[in-house]
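# with the sequence up front, the predicted model follows.
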Amino acid sequence: MNDTVASLAPAVQDILTSAEQRPGGAEPLSVRARSLDDAFEAVRSDGRIPVIAEVKPTSPTTEGTNEDDPVTLAKSMVAGGAAALSVLTEPDHFGGSIENLERIRAAVDVPVLRKDFILREDQLDLVESDVILLIARFLGDDLESLVAEAESRGFQPLVEVHTAAELEAALTAGATLIGVNNRDLGQLVVDLETFESIAPDVPDTVTLIAESGITTPKDATRMVSAGADGLLIGTAIMDGDPETNTRAFTTAPQTLDNEH
Ligand SMILES: O=C(O)c1ccccc1NCC(=O)[C@H](O)[C@H](O)COP(=O)(O)O
């Protein structure tokens, strides 16, 4: 691990303890992934913002659990124009499951990101998805090999970073899909300036996602203006009607000048 556990919020320490204990798959998967870049391009050519809408039943920073059927939620997000979906598979702190991801991926035709806390290679092999999250802060020296192993199975690895040093590590590991998490996993504080400070150092060849804390269409405009190719949005889409919420983000103005 790249970080001392003590520097993490207690909830994140718990998340990692249970992630370490979860088993992996028996054999390497072979995935035929739906292209995230193609899905983003299709949405962009329609004049909208590419949004990865997240099926997130609960989280350490959310009260209560959304008990709605995950497939119904996912279909609403696609109806609202989501370019792709993110599905939590972490069971102990986010109410996710492998089964949710399998059911959702079978029910929609957009790319699906598996959102979990992967610490070992065999944990890549629990379920097929199109994109898979790898968090630089937790993988340290293993990041490069995990990126390579994910790609060799056919996944598109999304490498999540929060600092300039983690961005450097992601680029060294060969990541071409990078997410800047506005949520500091040390304090669980969200600050959109995180994305704004890191984005200028990301090469144009990288597909760049702004993650977490995007709560209003104005925030979406702000992240796209700062260089985001796509946005990962969970809580603000889950809270209320997911179709209406997703549409509000995908149709937000794309430059600060054009804001309503
Ligand atoms: O969302 C949390 O409370 C959380 C707590 C501890 C570790 C990770 C956490 N979130 C993971 C995520 O990456 C978010 O679900 C995702 O970026 C969407 O964020 P948001 O739009 O702010 O719900």
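On my side now, so go ahead.
# what does the stretch 101-250 of the chain put close to the ligand?
181, 183, 185, 188, 211-214, 232-236 (C-beta under 6 Å from any ligand atom). C-beta: built from backbone N, CA, C; applies to glycine.
# let's see which of the residues you listed end up in helices.
Judged by DSSP state H, helices contain the following of these: 235-236.
# show me the two of the residues of the stretch 101-250 of the chain next to the ligand that sit farthest apart.
Comparing every pair within those by C-beta to C-beta identifies 185 and 236 as the most remote, at 19.3 Å.
# number of nearby residues for the residue of the stretch 151-260 of the chain found nearest the ligand?
In the stretch 151-260 of the chain, the residue that lies nearest the ligand is residue 234 (3.0 Å; C-beta to the nearest ligand atom). Residue 234 sits with 22 neighbouring residues when counted by other C-beta atoms under 10 Å.
# grab the nearest non-local neighbour of it.
Distances taken as C-beta to C-beta, 6 or more residues apart in numbering place residue 54 nearest to residue 234, at 3.5 Å, with adjacent residues excluded.
# got the phi and psi for residue 32?
Here is the backbone geometry of residue 32 (degrees, to the nearest 10): phi -100, psi 100.
# now for the nearest residue to it once chain neighbours are set aside: which residues touch it?
Using C-beta to C-beta, 6+ apart and skipping the chain neighbours, the partner closest in space to residue 32 is residue 154 (6.3 Å). Residue 154 makes contact with 29-33, according to C-beta atoms under 8 Å, 6 or more residues apart in numbering.
# so how far is residue 129 from residue 154?
Residue 154 sits at a distance of 10 Å from residue 129 (criterion: C-beta to C-beta, to the nearest Å).
# what's the answer for residue 237, then?
Taken as C-beta to C-beta, the span from residue 237 to residue 129 is 19 Å.
# which parts of stretch 88-107 are buried?
By 16 or more other C-beta atoms under 10 Å, the buried positions in stretch 88-107 come out as 88-90, 93-98, 100-105.
# returning to that earlier point: given the helix or strand harbouring the residue nearest to residue 234, what are its sheet partners and their directions?
Using DSSP states H and E, residue 54 sits in strand 51-55. When pairing is defined by DSSP bridges, strand 51-55 lines up against strand 84-88 (parallel), strand 230-233 (parallel).
# same list, those, but as TSV with mean pLDDT please.
Shown next, in TSV, are those (pLDDT from 0 to 100):
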stretch	mean pLDDT
strand 84-88	98
strand 230-233	98
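# the ones you listed: which one's closest to residue 177?
Per C-beta to C-beta, nearest to residue 177 of the strands paired with strand 51-55: strand 230-233, 9.4 Å.
# what comes into contact with the closest one?
By C-beta under 8 Å, 6+ apart, strand 230-233 touches 36, 40, 49-54, 83-84, 86, 113, 179, 207-212, 214, 220, 223-224, 246, 249.
# pull the CA atoms of it into CSV?
Listed next in CSV are the C-alpha coordinates belonging to strand 230-233 (Å, rounded to 0.1, in the frame of the first residue of the first chain):
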residue,chain,number,x,y,z
GLY,A,230,-16.4,13.0,-18.4
LEU,A,231,-18.0,13.2,-15.0
LEU,A,232,-18.6,10.5,-12.4
ILE,A,233,-21.6,11.3,-10.3
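# the closest residue to residue 136 other than its chain neighbours - how many residues pack around it?
Nearest residue to residue 136, sequence neighbours excluded (C-beta to C-beta, 6+ apart): residue 166, at 4.1 Å. Using other C-beta under 10 Å, residue 166 has 24 neighbouring residues.
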